[in-house]
Structure formats: structure tokens, C-alpha cells
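K.L.:
Give the three-dimensional model of this entry:
(one chain, ligands or ions: 1)
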Amino acid sequence: MVYSITSEFALDLSRGMRRIRSVEEHIATRYSEQEMRCPTHLSSGQEAVSAAIGTILRNTDLAVSGHRAHAHYLAKGGDLNAMIAEIYGRVTGCARGKGGSMHLIDEKAGFMGSTAIVGGTVPVGVGLAYSLMLKGSDDITCVFLGDAVVETGVFFESLSFAALKNLPVLFVCENNFYSVYSPLSVRQSAVKKIHEKVAGFGVYTDEGDGNDVVSVHQKMSKAVNHIRSGKGPAFLEFETFRWREHCGPNYDDDLGYRPDQFIEEWNGRDPIANFEQQAITSALFTEADIDAVQSEIDTEVAAAFEFARASDFPSLEEASMHVFATAAEEGIFLK
Ligand SMILES: Cc1ncc(C[n+]2csc(CCOP(=O)(O)OP(=O)(O)O)c2C)c(N)n1
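P.N.:
Presented below is the predicted three-dimensional model:
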């Protein structure tokens, strides 16, 4: 542990990570029931980044993400019932059942959307940051992105604009080293790491072990203070590891696209187990505290799945609304 934290805060971090993992693993377990009919990209193993930022962002801050968005949505205060209902395609879902796992949105929580197009929401996040700046607030926008996003042109255009206008935007890059099956080595020059390339734009950058929740929290706090005090954008790169296949509920290590040694090493770096072991050794909390937290989470997660499954699918009329604005207004699909 890099810096000292209180018992209460340690338990908060643990709760945040356990909640995300429980939700993701529950989705994985139930996916084969064929009731969730959209693709899902799970974040099991990558919980530390989301749990840490979740303790820092305010409700009035804004966030956007991409295809692997569950953890980000939950960390930003999204509604768990509405997220699970969305994955089940129900009208009670956060996008009224029309978006599925990759299109989460919850304006009440400041979670302004996620899309499946790699890099697609980066300019949206930068635009939102511009609007916050124009309003004169000290709220910030957090743009969650994977390592493949920095291979898109739109990322660099957005970064350039954010730097030019000194916008209050935090880019959080979860570098899990792979874009589907392609390692970084076949996609990007290894001369510099991602955060070093970004530093060339003159923005604040930092990097770290994305599985060490306390150090992630410390680095994020520093970056967010930098942004809130008007000093402009920040970019954080955290190295981490996704446990499961790129898309779907299974493990795909049998495919051999990630070296065995790499997998073994990262499996030993479980962010939850490692943090809790240290916290218990440091007497920040006990096994019993953790059990109590887990039992609350289990109840909450079970209730969310029940809520989703008991909800209706969108009606025919509903299904044609909010897809094409004009078409919906005119009701042309219903004629
Ligand atoms: C513009 C675009 N190109 C390609 C794809 C196909 N695709 C979907 S996810 C993905 C990998 C993204 O990798 P990364 O951003 O590192 O996130 P990770 O899945 O590793 O969390 C790709 C190439 C896409 N959705 N959009």
C-alpha cells in the first residue's frame, strides 16, 4: 500500500471492487440461459480502476465510456437495476431496453453514454468537458478508454482540442495490452508507452499498476485536483488484465493468444484478493467485515436480476421511439 487510508475508506474500496466483480460474474454465470441476448464485455480482473475513480467523482461530474462499460457505469453511480434490465432488453433498462450492454446511459448519474465504436465517445466526452468549462463549474468529465482507442484518429483530434482549450477532462486508459486478440506489439510502436505519447500534447500524464487500487486512487486524486484547479486535461494509463474473453462470458486462454507466463503472472495480481490481504494484515478490516459486505452485495445483485427478469420488453410502439428522432415523432414505423 502506497499511502495510508482509513478503515472506512479501505472497506469502501473493497466494496466497490467486489460489487463490480459480483455483477460481472453473475452475468457470466447466467449468460448461457439465453435471456441476455446482447453481446457483453466483462471487466472481471479490472475492478480497481473503476472502484477507485468511483470514490473520487461527484454526481455532477460527467463520464462516457466504450464497449466495456459496466464497471464505469456502476462506479459513476448508475442504477444497477436499470443496467441489468438493459442487458435483458427490458423497457426498465437505462436505455429502455434498446441499447444493451454496450449502450449504457444514465443522465441522473452523469453517465452520458457508452458506444461500441472504439473511440466513438471520446469527442463526446471532450465536448461535455467544454460545456462544463463554459458554465464555469469545477466539475470534470471522465473519458474511459481502452488501449486500442489511442489508435484512432478521433482520439488524437480530441486530445489536441482538449489541450488547446485547457478542458476539464480526465482520460482514464485501462491498458489490458490486447485489442480483441491483437497484442500492443502488433498495433503500436513500442518506442514509447501510451502515456508518453500523450505527454507530447502537453497534458498532465501519469501511469501505474491498475491492479493496485490504493495507488490508482492516489494517482487519480492528484490528477483530478489538477483538473479541478483549472490546470487542464489529464491522461492516466493503468496497466491491467481482463480475466475473461474479449466478448462473452467464457475464458479463452485455450486460444493461446496471450502467453501462459503472462496469464499466470496477472492471475496472481487479483486486485481484490491482494488488496484485502494487505488490508487485513494492516488491521484495516477483518474477514468478517468483508463477509458482511459481500452478503449485502449478493442480496443487491440477486434483486437486480429479479427486477430485470420481472420487467416487460418494450412494446411495439415503444420500440420505434427514440431510434430516429423524426421518424419517432411522426410515428412512421407504426403506420
Ligand atoms: C472503430 C472500431 N474499430 C473496430 C471495432 C471492433 N472492436 C471492438 S472492441 C475492439 C477492441 C478494443 O480494445 P480496447 O480499446 O483496448 O478495449 P478492451 O476490449 O481491451 O477493453 C475492437 C477492435 C470497433 N468496435 N470499432
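K.L.:
roughly how far out does the host helix or strand of residue 134 sit from the chain middle?
P.N.:
In this structure, residue 134 sits in helix 122-135 according to DSSP states H and E. A distance of 19 Å separates the centroid of the chain from that of helix 122-135, by C-alpha atoms, centre = their mean, to the nearest Å.
K.L.:
After it, heading C-terminal, what element do we hit next?
P.N.:
Scanning forward in sequence from helix 122-135 by DSSP H and E, the next helix or strand is strand 141-146.
K.L.:
could you check the angle helix 122-135 makes with that next one?
P.N.:
Strand 141-146 and helix 122-135 are oriented at 170 degrees to each other (axes from the mean of the first three to the mean of the last three C-alpha atoms, to 10 degrees).
K.L.:
Counting by contacts, list what strand 141-146 packs against.
P.N.:
strand 62-65, helix 122-135, strand 169-175 (3 or more C-beta pairs under 8 Å, 6 or more residues apart in numbering; DSSP states H and E). Quick note: C-beta positions are derived from backbone N, CA and C, even for glycine.
K.L.:
swap the cut-off to 10 Å and go again
P.N.:
If contacts are counted by 3 or more C-beta pairs under 10 Å, 6 or more residues apart in numbering; DSSP states H and E, strand 141-146 sits against helix 47-54, strand 62-65, helix 70-75, strand 111-114, helix 122-135, helix 153-165, strand 169-175, strand 234-239.
K.L.:
near the ligand at all, the last one?
P.N.:
No: judged by C-beta under 6 Å from any ligand atom, strand 234-239 and the ligand are separated, with a smallest distance of 11.6 Å.
K.L.:
and the following helix or strand past that strand, anywhere near the ligand?
P.N.:
Using DSSP H and E, the helix or strand that directly follows strand 234-239 along the chain is helix 260-267. No: applying C-beta under 6 Å from any ligand atom, one finds helix 260-267 separated from the ligand by no less than 13.4 Å.
K.L.:
buried sites along helix 260-267?
P.N.:
Neighbour counts over helix 260-267 (16 or more other C-beta atoms under 10 Å) mark residue 266 as buried.
K.L.:
After that helix, heading C-terminal, what element do we hit next?
P.N.:
Following helix 260-267 in sequence order, the next helix or strand is helix 271-281 (DSSP H and E).
K.L.:
Residue 250 touches residue 40, doesn't it?
P.N.:
No: in this structure residue 250 lies outside contact range of residue 40 using C-beta atoms under 10 Å: 11.0 Å.
K.L.:
Comparing the two, which shows the higher neighbour count?
P.N.:
residue 40 (20 against 13; other C-beta atoms under 10 Å).
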